[in-house]
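J.: no FASTA, just this:
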Ligand SMILES: C[S@@+](CC[C@H](N)C(=O)[O-])C[C@H]1O[C@@H](n2cnc3c(N)ncnc32)[C@H](O)[C@@H]1O
């Protein structure tokens, strides 16, 4: 007998995991049913020994500043950075909330928090460990809650997560959601076999890893359904890669194609030499200055109503 249960039922996951046979998509309930195995220890899809470094390297301070100012961060605000990673974005938000502001970075990875505390702790800037799939209690309420590159990892729980976060926003406070859309799926000049394989990986990530390559387009609906006001959406290019490959783009992209397929035991059926051959084909194509790759980034902000 095979017992499947809804992705949201994570409270019981350890009891039921042994009954899993396969992952599948149920068109009747419009839900993916999948194996949470790699998330047992509160690891997320991109977890690796180098994840703090990858996040630190790929964070562009002036872009984060621009995004946060667009979202409405102001001096004196109480700010929460949800899924704060190694703390670099938290420290940028903290600077923008000065003077008098207080900032809390929240992440469920001790590795990330250790890095953040070591490198970014300062007056009125703290980091705490919490899994944001669970309600946030005892941390008070915030004027500005910022969630960047987190919801993409939660195809089946993102609505619940945003609901939880709404409870920690002061009435009149701002919620800013930022994420990617059509993630890693827009390339030109890519060899056909590689293109097919990248698409298959992205499909399987949805089923096996709760990953949502299309979360960007959903952000507006999250705020709309929760009756946020003054909602504004902006769309920009995130990965916008052409010409000579920068070291940062090379490191970030190659880490993605190394870690994500491994976590779901992806089978590289079209490559006789398996992952190594796939990696060298990817690297060769990615180094080609004629290739063009982009991913749209969607920014969505709204204010929490005084009465709901
Ligand atoms: C891709 S990083 C984004 C980091 C940062 N927000 C940024 O914009 O660069 C996602 C972070 O969210 C954290 N994370 C993932 N799931 C989480 C959860 N359920 N609760 C708390 N943190 C989580 C991961 O540990 C990781 O540090």
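T.: Yep, it's here. Predicted model only: the values in this text are computed from it and were never measured. Numbering: from 1, shown residues only.
J.: Which strand or helix spans the closest residue to residue 225 other than its chain neighbours?
T.: Of all residues beyond its chain neighbours, the one nearest residue 225 is residue 159 (7.7 Å), with distances taken as Cβ to Cβ, 6 or more residues apart in numbering. From N, CA and C alone the C-beta is placed, and that goes for glycine too. According to DSSP states H and E, residue 159 maps onto helix 158-166.
J.: just residue 73 next, same as before
T.: Residue 73 belongs to no helix or strand, assigned by DSSP H and E.
J.: hang on, it packs against residue 79?
T.: Yes: if you go by Cβ atoms under 8 Å, residue 73 and residue 79 touch, sitting 6.8 Å apart.
J.: okay, and the common contacts of these two?
T.: With contacts taken as Cβ atoms under 8 Å, 6 or more residues apart in numbering, the residues that reach both residue 73 and residue 79 are 93, 97, 144, 146.
J.: List the contacts of residue 148.
T.: Going by Cβ under 8 Å, 6+ apart, residue 148 touches 64, 67, 81, 83, 89, 176, 178-179.
J.: repeat that for 6 Å
T.: With contacts defined as Cβ atoms under 6 Å, 6 or more residues apart in numbering, residue 148 is in contact with residue 178.
J.: near the ligand at all, whatever helix or strand residue 171 lives in?
T.: If you go by DSSP H and E, residue 171 is part of strand 169-180. No: applying Cβ under 6 Å from any ligand atom, one finds strand 169-180 out of contact with the ligand, separated by at least 7.4 Å.
J.: Give the buried residues for the helix or strand where residue 67 lies.
T.: Under the criterion of DSSP H and E, residue 67 resides in helix 61-71. Buried residues in helix 61-71, counted by 16 or more other Cβ atoms under 10 Å: 64, 67-68, 71.
J.: Can you name the element that comes right after that helix?
T.: In N-to-C order, the element after helix 61-71 by DSSP H and E is strand 78-82.
J.: rewinding a little: chain center to the helix holding residue 67, what's the gap?
T.: In terms of Cα atoms, centre = their mean, to the nearest Å, the centre of helix 61-71 is found 17 Å from the chain centre.
J.: tell me, how many neighbours does residue 260 end up with?
T.: Other residues near residue 260 come to 19 when the count uses other Cβ atoms under 10 Å.
J.: now do residue 268
T.: Neighbours around residue 268, by other Cβ under 10 Å: 17.
J.: For the stretch 201-308 of the chain, which segments count as strands?
T.: 229-241, 292-303 (DSSP state E, counting those that start in this stretch).
J.: From these, pick the one with the highest average neighbour count.
T.: Of these, the one with the most neighbours on average (mean count of other Cβ atoms under 10 Å) is strand 292-303, at a mean of 20.
J.: Thanks again, I'm all set now.
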